[in-house]
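Asker: kindly generate the corresponding structure for this input.
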Amino acid sequence: METGIIQKSFKESVKAKEQFFNKKNTALVREAAEAVAESFKGGGKLLIAGNGGSAADAQHLAAEFVNRFEIERPPLPALALTTDTSNITSIGNDYSFDQIFSKQVRALGKEGDVLLAISTSGTSKNITKAVDAAQAMGIKTIALTGKGGGVLAEKADIVLNVDSKTTARIQEVHITVCHILCELVDHMLFQKGG
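Answerer: Numbers count the residues shown, from 1 in each chain. A predicted model of the protein is given here:
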């Protein structure tokens, strides 16, 4: 029985990735990487937000950019908006949990930055409000989502939607996309043509 669970999960994960990386989404991943690379080139930064497992992905991706991914290169300015517990609890307590990311975007973001908003459902209010705040400031928005994309699919500039209803499968595709973004940005900034 346990072997069946393992094989089923593995096959579903592979299928979700194969379905996601079609021609359209491959082009959108490249467009997202170009947006991040252009922001870094212009002195901007990448802001990343998500809840739960997506918060962990936000921190994981920020670390890949700030430290390094696979090549030796200068640190790149990426910030997970999920890590400052004083800000998060203060905003959540004084205003509402829905504003924990939008207030940070308004405080830390500037035109030319990029916001990567991660939500497996596409309906998390604190994520959609962060996208609204970013767009009002001229910050490009990228959504990593699933389950049809939800509200984020209508709001974000670039929508990377995983066609699955299973949170674990969506998150597995999301982290693959995040690693590919790192590799592409590194290539665009430090390896292309040289």
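
Asker: which strand residues bridge Gly50?
Answerer: Beta-bridge partners for Gly50, by DSSP bridges, are Ile118.

Asker: helix, strand or coil for the residue nearest in space to the middle of the chain?
Answerer: Ranked by distance to the mean C-alpha position of the chain (Cα atoms, centre = their mean), the top residue is Leu116 at 3.9 Å. Using DSSP: H, G, I helix; E, B strand; the rest coil, the structure places Leu116 in strand.

Asker: ok, Leu160 next?
Answerer: Of the three states, Leu160 takes strand according to three-state DSSP.

Asker: nearest residue to it other than its sequence neighbours?
Answerer: Nearest residue to Leu160 in three dimensions, chain neighbours excluded: Leu144, at 5.1 Å (Cβ to Cβ, 6 or more residues apart in numbering). C-beta coordinates here come from the backbone N, C-alpha and C atoms, glycine included.

Asker: please apply the same query to Ser9.
Answerer: With Cβ to Cβ, 6+ apart as the measure, Ala168 is the residue that lies nearest to Ser9, at 7.6 Å, once sequence neighbours are left out.

Asker: residues near that neighbour, how many?
Answerer: The number of residues packed near Ala168 is 13, by other Cβ atoms under 10 Å.

Asker: please apply the same query to Glu154.
Answerer: Number of residues near Glu154 (other Cβ under 10 Å) recorded here: 12.

Asker: report pLDDT for it.
Answerer: The predicted structure scores Glu154 at 96 on the pLDDT scale.

Asker: that one sits in which helix or strand?
Answerer: With elements delineated by DSSP states H and E, Glu154 resides in helix 152-155, which encompasses its position.

Asker: thinking again about what came up before, what residues sit buried inside the helix or strand hosting the residue nearest to Ser9?
Answerer: Under the assignment given by DSSP H and E, the secondary-structure element containing Ala168 is helix 167-186. Neighbour counts over helix 167-186 (16 or more other Cβ atoms under 10 Å) mark 169-178, 180-186 as buried.

Asker: before we move on, what about stretch 93-110?
Answerer: Neighbour counts over stretch 93-110 (16+ other Cβ under 10 Å) mark 98-105, 109 as buried.
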